[in-house]
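Peer 1: just a sequence and a predicted model for now, questions to come.
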Amino acid sequence: MTENLMDHQAQLAADYWTVGNEIEDQKAPKDLPIDKIWSERKFTAKLVNPANRRKMKVIIVGTGLAGGAAAATLGEAGYHVENFCYQDSPRRAHSIAAQGGINAAKNYRNDNDSVYRLFYDTVKGGDYRARETNVYRLAEVSANIIDQCVAQGVPFAREYGGLLDTRSFGGVQVQRTFYARGQTGQQLLIGAYQALERQVAAGTVHMHTRHEMIELITVDGVAKGIVTRDMVTGKIEAWTADAVVLATGGYGNVFFLSTNAMGCNVTAGWRAHRKGAYFANPCYTQIHPTCIPVHGETQSKLTLMSESLRNDGRIWVPKRAEDCDKDPRQIPEEDRDYYLERIYPAFGNLVPRDIASRQAKNMCDEGRGVGPAVREVDPDTGAERMVRRGVYLDFSDAINRMGQKTVEAKYGNLFDMYKQITAENPYETPMRIYPAVHYTMGGVWVDYDLMTSIEGLYCTGEANFSDHGANRLGASALMQGLSDGYFVLPNTINDYLADALKREPIGQDHPEVVAAVKEATDRINTMLSINGSRTVDSIHKELGLIMWEYCGMDRREEGLKTAIAKIRELKKVFWSDVKVTGVNEDFNQTLERAGRLADFLELGELMCIDALHRRESCGGHFRGESQTEEGEALRHDDQYAYVAAWEFAGDGNKPVLHKEPLVYKAIELKQRSYK
Ligand SMILES: Cc1cc2nc3c(=O)[nH]c(=O)nc-3n(C[C@H](O)[C@H](O)[C@H](O)COP(=O)(O)OP(=O)(O)OC[C@H]3O[C@@H](n4cnc5c(N)ncnc54)[C@H](O)[C@@H]3O)c2cc1C
């Protein structure tokens, strides 16, 4: 970085954030070869005598793969678990939507896969912004996950010899993705749910559906419980425990439009953040290349077409803008630009998601997008423009090669879904796809034990920042959720719980419990009393447009500053002019959405500040100011090889940046190349 640029960054810091002390993970044993660390940690972690476990209570918020697996496993171990979710059944957690598959280093294909390769691919795919120790452990336990799920009866696809089948996913050259048609998440969640229900029946897990966590309870900086709102009756209650686990999923809905279920939100993590949990790398968002394009201005949800489709589908746009209106079947081979195969011959259509997404945007920005044009507002001039935002995903070669029956067997449900949504038959005409917000690599900061910066508070699954660096490889989120839930947390939380019986239990009348309940109640009453003129959704939509425009696939300093100013204004609008209808003591979805939006508004601002401070491109975070001559992401390892862990410093104060330097001992840092 030149001196001028350093001054410039220092000035930005003075305006938007302050810098705190460096932090480091204290839990992974030091100075050991990477493949010995997890065994050593399991050996050094304190144990809890089985007879004592039933005296200890653990709150787990979330019943998706991360929370459901953890609740089932801790229940089986004998702990007393209070498990919460906001859906009407634990089985409706968003994990159920996962389509394409789950990675594991089993090397069934004999294509040179190994734990080390999965580790290497994940660190490289994350553009060298993940913690080595955590990623190695993820790769190490990946094979156990598949064994456990098979034992539960998860119906993974099998090949002719009876072994589990695998397929390719982006960013790697081995076939390590296990799958159950296009419904892998659903099948895995049914497996976890069965294990969970067994514990519910055994009385070790108490399930609280339709309960939303709206506040964290801490005493002297230690997590002691949560406050929930019963979403049917409005009853606000406090729950105390020896440890609290957040397994509350990702925050992609800050963009309003995303592939996430509409209920996905950041509230649990954000409430913890405001109580002292650091929030790491919030700007690392994954924008998935294969989604059904936005089709109108009243849309509230986007649909993913699984990345597995890139195994057999070929992505292209017309070479000439004037062909974009034509029926794609009438455009001859020589007039098609299979741009990923052209630019990245080694990986072709299977480049990682961030690269595939950015190139789709580039093609559309060049005027070679396909499908109906959608209205956009030019962020700089405010002028409206009509742009085609779509590229083709074409299966005609695959159908010719394998026959329609085989394609149907592999992807049938995805093709049906596409047809139902678009009224176009993808067996006959290419699908149209465009990138959409899909996954959040950032999240609550955790150490190697998955404990947050609040003692006694753990965070697992998509809600934490742990394993994917600046870009997650396809099929690695399910792996992480189940790894955290079945294998990591159950082996680390005992280290903390071992001393639980020495800690003073707290009751409902503890001043901090009373204060947390009051805080949550006051907030709800304030929202209900504003009675302004703006609907919750209209404000959320406006936030989403700001985030997509300025903190989406191409982020630049001026845009990010604009976004921060706009979000601050919008926050004021929310707290002065929102209209939340109904009352608290009833089923009230407007109130639920308002509470979540209030937290998204604060998170959105932090995401933009994080993106502003990181003047490098890495993975899903592309800073326009930092690219190679060929337009590829350009990292600056000398400046930014760290996790940005943000501390909340009070309303109206600048957030505090704590850097956790990323130390690479097993893997050499390189600029990624998929060419
Ligand atoms: C369409 C789609 C397809 C995907 N396909 C794949 C794939 O093929 N492979 C892959 O690896 N990954 C995939 N992913 C990503 C993956 O599905 C998710 O990252 C993963 O399932 C998240 O699991 P989780 O347990 O962390 O969270 P979730 O499954 O989102 O569960 C969150 C839980 O927390 C609860 N909760 C949240 N907030 C609160 C609160 N305040 N109070 C009470 N309860 C709360 C919810 O009720 C829920 O039970 C896909 C994602 C999407 C959107």
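Peer 2: Looks like it arrived, so ask away.
Peer 1: what count of nearby residues applies to the residue of the stretch 551-675 of the chain found nearest the ligand?
Peer 2: Here the stretch 551-675 of the chain gets closest to the ligand at one residue, Arg596, 8.1 Å apart by Cβ to the nearest ligand atom. All C-beta atoms are positioned from the backbone trio N, CA, C, and that covers glycine. Close neighbours of Arg596, defined as other Cβ atoms under 10 Å, add up to 24.
Peer 1: what of Ala383?
Peer 2: Other residues within reach of Ala383, judged by other Cβ under 10 Å, total 9.
Peer 1: which non-adjacent residue is nearest it?
Peer 2: Val377 (7.3 Å; Cβ to Cβ, 6 or more residues apart in numbering).
Peer 1: okay, the closest residue to the ligand within the stretch 101-250 of the chain: pLDDT?
Peer 2: Across the stretch 101-250 of the chain, no residue is closer to the ligand than Gly249, which sits at 2.6 Å (Cβ to the nearest ligand atom). Listed pLDDT for Gly249 reads 98.
Peer 1: and the closest residue to it other than its chain neighbours, how close does it get to His94?
Peer 2: Of all residues not flanking Gly249 in the chain, Glu462 sits nearest, at 5.0 Å (Cβ to Cβ, 6+ apart). Glu462 is 9 Å from His94, where distance means Cβ to Cβ, to the nearest Å.
Peer 1: okay, and the common contacts of those two?
Peer 2: The contact sets of Glu462 and His94 overlap at Gly249 (Cβ atoms under 8 Å, 6 or more residues apart in numbering).
Peer 1: who has more neighbours out of the two?
Peer 2: Glu462 (33 against 22).
Peer 1: give me the low-pLDDT residue ranges for this structure?
Peer 2: Along the chain, segments meeting pLDDT under 70 span 1, 379-380.
Peer 1: contacting residues for the spatially most central residue of it?
Peer 2: Nearest to the mean C-alpha position of the chain, counting by Cα atoms, centre = their mean, stands Thr440 at 3.0 Å. Applying Cβ under 8 Å, 6+ apart to Thr440 gives the contacts Gly250, Tyr251, Gly252, Pro282, Tyr284, Thr285, Gln286, Glu462.
Peer 1: and what of Gly481?
Peer 2: Gly64, Leu65, Ala66, Ala69, Ser95, Ala247, Thr460, Gly461, Glu462.
Peer 1: could you do Val227 as well?
Peer 2: Contact criterion Cβ under 8 Å, 6+ apart gives Met213, Ile214, Glu215, Leu216, Ile217, Ile236, Glu237, Ala238, Trp239, Ala516, Val517, Ala520 as the residues in contact with Val227.
Peer 1: which helix or strand contains it?
Peer 2: Using DSSP states H and E, Val227 sits in strand 222-230.
Peer 1: and that strand, is it in reach of the ligand?
Peer 2: No. Shown here: strand 222-230 not in contact with the ligand (Cβ under 6 Å from any ligand atom), separated by at least 6.8 Å.
Peer 1: the ligand contacts on the stretch 451-600 of the chain?
Peer 2: Applying Cβ under 6 Å from any ligand atom, one finds that the stretch 451-600 of the chain approaches the ligand through Gly461, Glu462, Ala463, Ala475, Ser476, Ala477, Leu478, Gly481.
Peer 1: how about the second one, phi and psi?
Peer 2: Spelled out, that is Glu462. When read as degrees, to the nearest 10, the backbone of Glu462 gives phi -60, psi -20.
Peer 1: which stretches of the stretch 151-300 of the chain form helices?
Peer 2: 184-202, 267-274 (DSSP state H, counting those that start in this stretch).
Peer 1: in JSON lines: those, plus distance to the ligand.
Peer 2: Formatted as JSON lines, the helices of the stretch 151-300 of the chain follow (distance: least, Cβ to the nearest ligand atom, whole Å):
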{"stretch": "helix 184-202", "distance to the ligand": "5"}
{"stretch": "helix 267-274", "distance to the ligand": "4"}
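Peer 1: export the contacts of Val227 as TSV, with columns for neighbour count and distance to Lys665.
Peer 2: Converted to TSV, the contacts of Val227 look like this (neighbours: other Cβ atoms under 10 Å; distance: Cβ to Cβ, whole Å):
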residue	neighbour count	distance to Lys665
Met213	26	38
Ile214	24	42
Glu215	26	40
Leu216	28	35
Ile217	27	39
Ile236	19	48
Glu237	14	47
Ala238	22	44
Trp239	22	41
Ala516	25	42
Val517	18	47
Ala520	24	44
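Peer 1: circling back to that earlier point, ok, and the closest non-adjacent residue to the residue nearest to the centre of the chain?
Peer 2: Nearest one to Thr440, counting by Cβ to Cβ, 6+ apart, is Gly250 at 4.2 Å.
Peer 1: so that neighbour is in contact with Glu462, correct?
Peer 2: Yes. Gly250 lies in contact with Glu462 (Cβ atoms under 8 Å); the separation is 4.0 Å.
Peer 1: any common contacting residues for these two?
Peer 2: The contact sets of Gly250 and Glu462 overlap at Tyr439, Thr440, Gly443 (Cβ under 8 Å, 6+ apart).
Peer 1: mind checking which of these land in strands?
Peer 2: Residues of these located in strands (DSSP state E): Tyr439, Thr440, Gly443.
Peer 1: what sits against the last one?
Peer 2: Yep, that's Gly443 we're talking about. Counted by Cβ under 8 Å, 6+ apart, Gly443 has contacts 250-251, 269, 279-282, 459, 462-466.
Peer 1: out of these, which is nearest to Pro490?
Peer 2: Pro490 has its nearest neighbour among these in Cys459, at 14.9 Å by Cβ to Cβ.
Peer 1: residues near that closest one, how many?
Peer 2: Applying other Cβ under 10 Å, I find that Cys459 has 31 neighbouring residues.
Peer 1: distance check, it against Ser453.
Peer 2: Cys459 sits 10 Å away from Ser453, going by Cβ to Cβ.
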